[in-house]
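A.B. asks: next come a sequence and a model predicted from it.
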Amino acid sequence: MLLEVRDLHVEFHTRDGVARAVNGVSYGVDAGETLAVLGESGSGKSVTAQAIMGILDIPPGRITGGEVVFQGRDLLKLREDERRRIRGAEMAMIFQDALSSLNPVLTVGDQLGEMFTVHRGMSRKEARARAIELMDRVRIPAARERVRQYPHQFSGGMRQRIMIAMALALEPALIIADEPTTALDVTVQAQVMELLAELQREYHMGLILITHDLGVVADVADRIAVMYAGRIVESAPVHDIYKAPAHPYTRGLLDSIPRLDQKGQELYAIRGLPPNLMNIPPGCAFHPRCPLARDVCRSDEPPLYEVSPTRGSACHFWRECLDE
Amino acid sequence: MPDGRHEPEQAIAGTGMGGTMDLGVDEAETLEKRPGPDGTGPGDRPRSLWSDAWRDLRRDPVFIVSALVILFLVLISLWPSAITSGSPLTCDLSKAQQGSQSGHPFGFDGQGCDVYTRTVYGARTSVAVGVLATLGVSVLGSVLGALAGYFGGVWDSVLSRITDVFFAIPVVLGGLVLLSVITSNTIWPVIGFIVLLGWPQLSRIARGSVITAKQNDYVQAARALGASHSRLVLRHIAPNAVAPVIVVATIALGTYISLEATLSYLGVGLKPPSVSWGIDISAASPYIRNAPHALLWPSGALALTVLAFIMLGDAVRDALDPKLR
């Protein structure tokens, strides 16, 4: 395993109380593999990623337990300066909004080149040349001229390509993409996803794709981990999930995708709201919204049951769910 | 105090006195040059802030007038002999309190010194004190404020309490107490005193704007790509947080000039034979009935200078604050 997260717990201490954002998340990703982490806002998927990268704001955040093993080392045990050297060079992150993720007062060439001057100690001239190379790599037309332009002079899709180029600059072993296409037009989304998938294959990187868009996931992911209230509720190879979900929450997500053959009918929605992280329901956190919920769900928290050697579901009644 | 004396010294060596006079303008100019040849960004606020500001300033009559006054002041403080042939220290008691006459347009003061020459040479003191004190205050205030804003936590609490303490010191009383024990008759003790009491104002501004800039996504993104603390602060936060500091520093410059005059008037700033508008105002005030010109010219010069800097600061603030547009 390139990266393995084991039983990670993250809390946020706020004035109103303690928000338990991540409650025992475990997942792993191999080199060349794409893991999609699915979930609603507040499910803890981004917080997990920030904890992996080491960019969680501490305080108010606090990692209260677990391990993040990357290339054989537990990152949570490293010093800040050691972690900093890993960021960018060995693992990199792509953010949702590429406009606000690029510094408005620096040219894109400066920002791309910075990766090489900071981590590789290259001269500015070499770094500039590498920046142009990278922009070509992510298929930005007229890279030689545009390297001197500022972020606002690029379109949304082009800006996200620049973010991808920055993340790829030092050929990291792992890339975490936090909703990389959410801020883009649908047509541009597909192009950017395709580019990301292609570059990932080429560099044989591990990719963690954080998203709430099941449509994006189907084409590119190898495995899916579904998160709810800071826990993994289902983890499976992508095809298994689309064929037959083993958790009622996953089923709900799949059913709420608009489909052409359902035109004119009411769109399914999971009833209720995601739980308040300061006050997560006892037992299975999903039980207030679950169509299969029974007494045992209100009292006993389900472990991640083994559905098959490659698949797990945190539902007491996963068999029932599979059969439906 | 020793620190306060040191900072401006280094600053002046690095930048040169005349060039830093016009803080706001300089900054706007250098930053405007940064966009590429096709750097036009319709509807984009963040990066074009500086070029927008410069475009606004060039059309602002308040800015043009105050900048011309300041330019004139800088020139005469660098080369006073260009517009006066006399020496401010050559006085002729037999001419004491005489009014305007040929070759001496402003008349003579109580000691028989030429008021015109003394007013011209007085600009040098005011400009030097204003610029050096502002540089010292800006450097010390922004560094401490930026550190507090960036690291937060204990740093921030400690610094905030220290600034509270300094804010509580009455400026004139503090000057009377601290400066009366110093015998050196140079501008350095005065500058040191102004820096000592002035930095908390700048550090508060710098702290606030660093906290705002720190929350930008690109700071988080740069961190995720392995940028160090110093790189984050210098490359990503400072350029996006510097505008309010420039505005406040420009306005403060005018008030520092009047503070120097106040302290010299009270006899704890510069003392004769130094030349300063404050000293002249103080010396002329007993003779206000017999020789009002000896009081009016240095007072007028002081008022005009302070007004010019405050107007410049206002113009720069209007240009840099998008919310006011």
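C.D. replies: Nice, I can see it. Since the structure is predicted, the reported quantities are computational estimates derived from the model, not experimental observations.
A.B. asks: which one's the longest helix in chain B?
C.D. replies: helix B:115-151 (DSSP state H).
A.B. asks: nearest residue to residue A:80 in space, please, no chain neighbours.
C.D. replies: Spatially, and ignoring its direct neighbours in sequence, residue A:80 is nearest to residue A:54 (7.7 Å; CB to CB, 6 or more residues apart in numbering or on different chains). (Glycine included, C-beta is placed from N, CA and C.)
A.B. asks: cool, residue A:280 as well?
C.D. replies: Counting by CB to CB, 6+ apart, the residue nearest residue A:280 is residue A:229, at 5.4 Å.
A.B. asks: equivalent analysis for residue B:280, please.
C.D. replies: residue B:298 (4.1 Å).
A.B. asks: my read: the residue nearest to residue A:80 touches residue A:77, true?
C.D. replies: No. Using CB atoms under 8 Å as the test, residue A:54 is too far from residue A:77 to be in contact (11.5 Å).
A.B. asks: got the confidence number for the residue of chain B found nearest chain A?
C.D. replies: Using CB to the nearest CB, the closest approach of chain B to chain A is made by residue B:226 at 2.9 Å. Note for residue B:226: predicted pLDDT of 81.
A.B. asks: go on, the one 5 residues further on?
C.D. replies: Model confidence at residue B:231, expressed as pLDDT, equals 84.
A.B. asks: enumerate every residue touching it.
C.D. replies: Residue B:231 makes contacts with A:114, A:118, B:222, as judged by CB atoms under 8 Å, 6 or more residues apart in numbering or on different chains.
A.B. asks: try 10 Å this time
C.D. replies: A:114, A:117, A:118, B:222, B:223, B:237 (CB atoms under 10 Å, 6 or more residues apart in numbering or on different chains).
A.B. asks: next one: residue A:236
C.D. replies: A:223-226, A:242-247, A:250, A:307-308, A:310-313.
A.B. asks: backbone dihedrals for it, please?
C.D. replies: With angles defined as degrees, to the nearest 10, residue A:236 sits at phi -160, psi 160.
A.B. asks: helices along chain A, start to end?
C.D. replies: Using DSSP H, helices in chain A cover A:45-53, A:80-86, A:108-120, A:124-137, A:143-146, A:156-168, A:186-203, A:214-220, A:238-243, A:248-255, A:295-299, A:318-323.
A.B. asks: returning to what we had before: now for residue A:54 and residue A:77: what residues contact both?
C.D. replies: A:68, A:83.
A.B. asks: flag the shaky bits of the chain, pLDDT-wise.
C.D. replies: No chain in the question, so chain A it is. Applying pLDDT under 70 to chain A picks out residues A:324.
A.B. asks: I was thinking of chain B, sorry if that wasn't clear
C.D. replies: Checking chain B against pLDDT under 70 turns up B:1-49, B:321-325.
A.B. asks: test my guess that residue A:1 contacts residue A:30.
C.D. replies: Yes. Using CB atoms under 10 Å, residue A:1 is in contact with residue A:30, at 6.0 Å.
A.B. asks: what is in contact with the two at once?
C.D. replies: With CB under 10 Å, 6+ apart as the test, residue A:1 and residue A:30 both reach residue A:206.
A.B. asks: residue contacts, the closest residue to chain B within chain A?
C.D. replies: Distances between chain A and chain B by CB to the nearest CB are smallest at residue A:88, namely 2.9 Å. By CB under 10 Å, 6+ apart, the contact set of residue A:88 is A:53, A:114-115, A:118-119, A:166-167, A:169-170, A:172, B:222-227.
A.B. asks: just residue A:169 next, same as before
C.D. replies: Residue A:169 makes contacts with A:88-89, A:92, A:112-116, A:119-120, A:127, A:130-131, A:133-134, A:137, B:225, as judged by CB under 10 Å, 6+ apart.
A.B. asks: and for residue A:258?
C.D. replies: Going by CB under 10 Å, 6+ apart, residue A:258 touches A:215, A:265, A:267, A:268.
A.B. asks: any idea how far residue A:228 lies from residue B:240?
C.D. replies: Distance of residue A:228 to residue B:240, computed by CB to CB, to the nearest Å: 38 Å.
A.B. asks: any idea which residue sits dead centre in the chain?
C.D. replies: This is for chain A. Centroid-nearest residue in chain A: residue A:210, 2.2 Å away (criterion: CA atoms, centre = their mean).
A.B. asks: actually it's chain B I care about, not the one you picked
C.D. replies: residue B:253 (2.3 Å).
A.B. asks: starting at the chain centroid, how far to the helix or strand that one falls within?
C.D. replies: Assessed by DSSP states H and E, residue B:253 sits inside helix B:242-265. Offset of helix B:242-265 from its chain centre (CA atoms, centre = their mean, to the nearest Å): 4 Å.
A.B. asks: what angle do whichever helix or strand comes after that helix and helix B:242-265 make?
C.D. replies: Counting by DSSP H and E, the next helix or strand C-terminal to helix B:242-265 is helix B:277-284. Note on geometry: by axes from the mean of the first three to the mean of the last three CA atoms, to 10 degrees, helix B:277-284 and helix B:242-265 are set 30 degrees apart in direction.
A.B. asks: just list what helix B:277-284 packs against, helices and strands only.
C.D. replies: Applying 3 or more CB pairs under 10 Å, 6 or more residues apart in numbering or on different chains; DSSP states H and E, we find helix B:277-284 packed against helix B:115-151, helix B:242-265, helix B:292-320.
A.B. asks: can you give me the helices in the stretch 1-150 of chain B?
C.D. replies: Taking DSSP state H, counting those that start in this stretch as the criterion, the stretch 1-150 of chain B carries its helices at B:2-15, B:23-32, B:49-58, B:61-78, B:115-151.
A.B. asks: what is the third one packed up against?
C.D. replies: Okay, so that is helix B:49-58. In terms of contacts (3+ CB pairs under 10 Å, 6+ apart), helix B:49-58 is packed against helix B:23-32, helix B:61-78, helix B:242-265, helix B:292-320.
A.B. asks: so which of those comes closest to residue B:131?
C.D. replies: Nearest of the helices and strands packed on helix B:49-58 to residue B:131, taken as CB to CB: helix B:242-265 at 7.0 Å.
A.B. asks: tell me what that closest one is packed against?
C.D. replies: Using 3+ CB pairs under 10 Å, 6+ apart, helix B:242-265 sits against helix B:23-32, helix B:49-58, helix B:61-78, helix B:115-151, helix B:171-179, helix B:188-214, helix B:277-284, helix B:292-320.
A.B. asks: now it - C-alpha only, CSV.
C.D. replies: What follows is helix B:242-265, C-alpha atoms only, in CSV (Å, rounded to 0.1, in the frame of the first residue of the first chain):
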residue,chain,number,x,y,z
VAL,B,242,0.3,45.6,2.4
ALA,B,243,-2.2,48.1,1.1
PRO,B,244,-3.8,49.1,4.5
VAL,B,245,-0.3,49.5,6.0
ILE,B,246,0.8,51.9,3.2
VAL,B,247,-2.3,54.0,3.7
VAL,B,248,-2.0,54.3,7.5
ALA,B,249,1.8,54.9,7.2
THR,B,250,1.3,57.8,4.8
ILE,B,251,-1.3,59.5,7.0
ALA,B,252,0.9,58.9,10.1
LEU,B,253,3.8,60.5,8.4
GLY,B,254,2.1,63.9,8.5
THR,B,255,1.2,63.5,12.2
TYR,B,256,4.8,62.5,13.0
ILE,B,257,6.0,65.8,11.5
SER,B,258,3.7,67.7,13.7
LEU,B,259,4.7,65.6,16.7
GLU,B,260,8.4,66.6,16.1
ALA,B,261,7.4,70.3,16.0
THR,B,262,5.3,69.8,19.1
LEU,B,263,8.2,68.2,21.0
SER,B,264,10.7,70.8,19.8
TYR,B,265,8.2,73.6,20.7
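A.B. asks: that helix: which residues count as buried?
C.D. replies: Using 16 or more other CB atoms under 10 Å in any protein chain shown as the test for burial, helix B:242-265 gives B:242-265.
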